[in-house]
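A.B. asks: next come a sequence and a model predicted from it.
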Amino acid sequence: MSKLIILDRDGVINQDSDSYIKTVEEWQPIPGSIEAIAKLSQAGYLITVATNQSGIARGLFSEKTLLAMHEKMLSMVSEAKGKIECIVYCPHGPDDACDCRKPKTGLINQIESTLKTSAINAWLVGDSLRDIEAAEKAGCKPILVKSGKGQRTLTANPAIKAEIHDDLADFAEALLSQDHKA
């Protein structure tokens, strides 16, 4: 069984905004998400983050600012006694014809390469149809959380083929309780 978990960032780990998360100050965790990451990593799961960040291509923030947001996230997870193994991101816009922007699988391939592991049957937790499509293309188990844009995604795609949870904390609790039954 895969112990790899791939998390989308905005709307899964931190609050999302239709006008993008552009500063370190705007990066605020969703209640329970940091603790969920810590619990999962303490239980032996490899936690990774794969995030589209087209705000860079749009000139809304710099890669330096993005890295500072990720430092804040890593620091909070570390304080909660957790660990994120790697963070990969796509800095491109929707029209850039890259291979990394979800729903393409380039970010998942980068995680596989970095960790020297397969993402087949890994969980991919997201709040958008793009996340679910990337999971399906890469052979991952798609999880849709209702946080962020997740409820909007579910309303627009009621027949979506994904396990559905309220948020990351709810998914972590379900997965860990399933582990205890196994």
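C.D. replies: Everything's here; your move. The model shown is predicted, which means the values in this text are computed figures rather than measured ones. Residues are numbered from 1 along each chain as shown.

A.B. asks: mind listing the helices for the chain?
C.D. replies: Taking DSSP state H to define them, one finds helices in the chain at 33-42, 63-79, 106-115, 129-138, 150-156, 168-181.

A.B. asks: for the protein, give me the ranges with low pLDDT.
C.D. replies: Across the chain, the ranges flagged by pLDDT under 70 are 1, 182.

A.B. asks: at 90 what do you get?
C.D. replies: Scanning the chain for pLDDT under 90 picks out 1-2, 178-182.

A.B. asks: need the longest strand for it.
C.D. replies: strand 46-52 (DSSP state E).

A.B. asks: quick one: contacts of it?
C.D. replies: Strand 46-52 is contacted by residues 3-10, 13, 37, 40-41, 70, 73, 82-90, 101-102, 107-108, 110-111, 115, 117, 124, 130, 134 when judged by CB atoms under 8 Å, 6 or more residues apart in numbering. C-beta coordinates here come from the backbone N, C-alpha and C atoms, glycine included.

A.B. asks: now the angle from that strand to helix 106-115?
C.D. replies: Computed by axes from the mean of the first three to the mean of the last three CA atoms, to 10 degrees, the angle separating strand 46-52 from helix 106-115 equals 150 degrees.

A.B. asks: for strand 46-52, C-alpha coordinates in CSV please.
C.D. replies: This file holds the C-alpha atoms of strand 46-52, laid out as CSV (Å, rounded to 0.1, in the frame of the first residue of the first chain):
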residue,chain,number,x,y,z
LEU,A,46,5.0,10.8,3.1
ILE,A,47,3.3,14.2,2.7
THR,A,48,4.0,16.2,-0.4
VAL,A,49,2.4,19.3,-2.0
ALA,A,50,1.7,19.8,-5.7
THR,A,51,0.3,23.3,-6.5
ASN,A,52,-0.5,25.3,-9.6
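
A.B. asks: all numbers from here: first residue = 151
C.D. replies: Fine by me, first position is 151 from now on; the one you just mentioned is strand 196-202.

A.B. asks: sweet, I'm off.
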